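In: below: sequence and its predicted model.
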Amino acid sequence: MKNYLIAIALMLYFSSCKKSFLDAKPNSSIVNPTSISEFQELLDNNYVLNSTGALPQMSCDDYFIVNQSSLDALDYPTYKGAYLWRKDLFGGETNIQDWNGDFNAIFYANSVLDGLNAISQSSANRIDYNNVKGEALFFRAYAYYDLVRNFCTVYNQKTATSDLGLPLRTSAGIDATLKRSNLQETFDLVISDLNTSLILLRDDFSTVNRNRPSRSAVNAMLARVYLYMGNYTEAANAADQCLAKYNRLIDYNTISTTKTTPFSYSTDETIFFSKQQVSYTYTTGYTTNWTTIGVDTTLLKSYSTNDLRLPIFFALNALNNYNVKRGYVGGGFYGFTGLATDEVMLIKAECAARANDAPTAMNTLNQLLLNRYRKGTFVPINTSNSTTALSQVLLERRKELVWRALRWSDLKRLNRDGANITLKRNLGEVTYTLTPNSSLYVFPIPDDEIVLSGIQQNIR
């Protein structure tokens, strides 16, 4: 049973070293899984299926690099390219896991979906069959969404049918060379996969296997996707559906403010577990010892004295800059990028504010914040002004979801809607600027992928 999993993992690894994943051909000697239980085990490969890219965290404004010499000392060109928003982001580097890793996950999901087609359904296996199929569809949607938010322009309903999307593979066959779809087609596939998954998955939630999709996870993911698309009505509906099934919050008064690993691997707020791919450690990894980087000082100043998120999320390093502690991955080194109750509540609050329902927005936000402040110090936020409510929700979203690779896509969608946020990097006497809605917000497709598959490159 383990042999075919190892074989597939090795095949994917070595093929990715030599060529693009989209063109990689599996070795014919690999033994294919044939049973529902084997397909479930394939989907339990956390390393492949529960990972998202590092580029959005590297490029966002959660942190700064302390000086030019620290930047120069970083060993991969992509560190510098992502930090300074260079047009040639990868600087000749190949085997970019932000692209290859997600397509590995898509290959796994498609392999399961193809394999299930060869199994006859019966009353005895129908529940397990449907559940595994639902998981595969969720994982495919999860990977495609990670790709589309990073390698495509931000969704705009007016231009989505003409904007470039992704090459869409819906089977494990890799002989056909696919062109890029349009952006609407890409989002249509993501939404369709999630909605079908919602029907097929068991109606339960496993606190033991948070790496596996659940209906709560599907609704949380739909809420995230619709929020990014600017469809606030559907985002609110999905958030409500999620919270109706799973709404646990952690009282941060019960969390250590001194430990560098304050959370467990299976923290109560985690709805679906994923982490950043294992790459670009020196600017994205959890640590309290990196003197190369510091947490953004403007962000730090936004936390009040009694806000427990400051001492729980961050710690001073040897240069008296703040580094980020380990988050909802427990002892893991790479950032939590999964789905959690706090994010869903913030989505609900934001959508309520945008619908001119300030009371619901503030009530939802206050439920969250009550669990973030020192006991007895939190004063509920009250406003009947929807504009003020939205500003408050977005501020708390910024403070709550730090280091989860969500800030970059937030900047894209907020600037699309007119927020006019400009990013700046200061290195000595030089200031680097990223203007709102810049084409540099869309990461380039890796050069080796362009050469091998011939798909159209992004304009930067």
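Out: Yep, it's here.
In: which residue ranges form the helices in the stretch 351-460 of the chain?
Out: Listed in chain order, the helices of the stretch 351-460 of the chain (DSSP state H, counting those that start in this stretch) span 358-369, 386-400, 407-416, 447-453.
In: quick one: mean pLDDT over the helix or strand that contains residue 223.
Out: For residue 223, the element it lies in under DSSP states H and E is helix 215-229. Computed over helix 215-229, the mean pLDDT rounds to 98.
In: mean confidence for the next helix or strand after that helix?
Out: As assigned by DSSP H and E, the chain's next helix or strand after helix 215-229 is helix 232-245. Across helix 232-245, pLDDT averages out at 98.
In: residues making contact with helix 232-245?
Out: Residues outside helix 232-245 that contact it (CB atoms under 8 Å, 6 or more residues apart in numbering) are 205, 215-216, 219-220, 222-224, 226-227, 271, 341, 344-345, 347-348, 350-352, 354-355. Glycine gets a C-beta too; all of them are placed from N, C-alpha and C.
In: the helices of the stretch 351-460 of the chain: which one's closest to residue 105?
Out: helix 447-453 (15.8 Å; CB to CB).
In: just the helices in the stretch 101-250 of the chain please.
Out: Going by DSSP H, counting those that start in this stretch, the stretch 101-250 of the chain shows helices at 126-151, 183-200, 215-229, 232-245.
In: for this protein, where's the lowest mean pLDDT among helices and strands?
Out: Lowest mean confidence among the helices and strands of the chain (mean pLDDT, DSSP states H and E): helix 2-18, at a mean of 38.
In: burial of residue 252, as a residue count?
Out: Neighbours of residue 252 under the rule other CB atoms under 10 Å: 21.
In: contacting residues for it?
Out: Neighbour list for residue 252: 308-309, 312, 371-373 [criterion: CB under 8 Å, 6+ apart].
In: 7 Å - rerun?
Out: Residue 252 makes contact with 308-309, 312, 371-372, according to CB atoms under 7 Å, 6 or more residues apart in numbering.
In: for burial, what's the neighbour tally of the nearest residue to it once chain neighbours are set aside?
Out: Leaving aside its sequence neighbours, residue 252 sits nearest to residue 308 (CB to CB, 6 or more residues apart in numbering; 4.1 Å). Using other CB under 10 Å, residue 308 has 21 neighbouring residues.
In: residue 308 contacts residue 372, doesn't it?
Out: Yes. Counting by CB atoms under 7 Å, residue 308 does reach residue 372; the two are 5.8 Å apart.
In: among the helices of the stretch 101-250 of the chain, which is the most enclosed?
Out: helix 215-229 (a mean of 25; mean count of other CB atoms under 10 Å).
In: right, and residue 407 touches residue 59 too?
Out: No. Assessed by CB under 7 Å, residue 407 is found out of contact with residue 59, at 9.1 Å.
In: which of those two has more neighbours?
Out: Applying other CB under 10 Å to residue 407 and residue 59 shows that residue 59 carries more neighbours, namely 25 against 21.
In: how near is the more buried one to residue 405?
Out: 10 Å (CB to CB, to the nearest Å).
In: swap in residue 440?
Out: Remark: distance between residue 440 and residue 405 (CB to CB) = 17 Å.
In: these two - which one has more neighbours?
Out: Shown here are residue 440 and residue 405; by other CB under 10 Å, residue 405 has more neighbours (27 against 18).
In: which residues sit in contact with the more buried one?
Out: So residue 405 contacts 52, 56-57, 276, 335, 337 (CB under 7 Å, 6+ apart).
In: ok, now residue 68?
Out: Counted by CB under 7 Å, 6+ apart, residue 68 has contacts 427-428.
In: now the one 10 residues further on
Out: Applying CB under 7 Å, 6+ apart, one finds that residue 78 lies in contact with 89-91, 93, 280.
In: which of the residues you listed are buried?
Out: By neighbour count, with 16 or more other CB atoms under 10 Å, the contacts of residue 78 hold 89-90, 280 as buried.
In: ok so, going back, JSON lines for the contacts of residue 405, including distance to residue 130, neighbour count and secondary structure?
Out: Listed next are the contacts of residue 405 as JSON lines, based on distance: CB to CB, whole Å; neighbours: other CB atoms under 10 Å; DSSP: H, G, I helix; E, B strand; the rest coil:
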{"residue": "52", "distance to residue 130": "26", "neighbour count": "28", "secondary structure": "strand"}
{"residue": "56", "distance to residue 130": "33", "neighbour count": "28", "secondary structure": "helix"}
{"residue": "57", "distance to residue 130": "35", "neighbour count": "25", "secondary structure": "helix"}
{"residue": "276", "distance to residue 130": "31", "neighbour count": "30", "secondary structure": "strand"}
{"residue": "335", "distance to residue 130": "32", "neighbour count": "26", "secondary structure": "coil"}
{"residue": "337", "distance to residue 130": "27", "neighbour count": "26", "secondary structure": "coil"}
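In: which of these lies closest to residue 162?
Out: residue 56 (24.3 Å).
In: just want the most central residue of the chain.
Out: Central residue of the chain (CA atoms, centre = their mean): residue 337, 4.6 Å from the mean position.
In: show the subsequent helix or strand relative to the least confident helix or strand of the chain.
Out: helix 36-43.
In: and stretch 46-65, average pLDDT?
Out: Mean per-residue pLDDT for stretch 46-65: 97.
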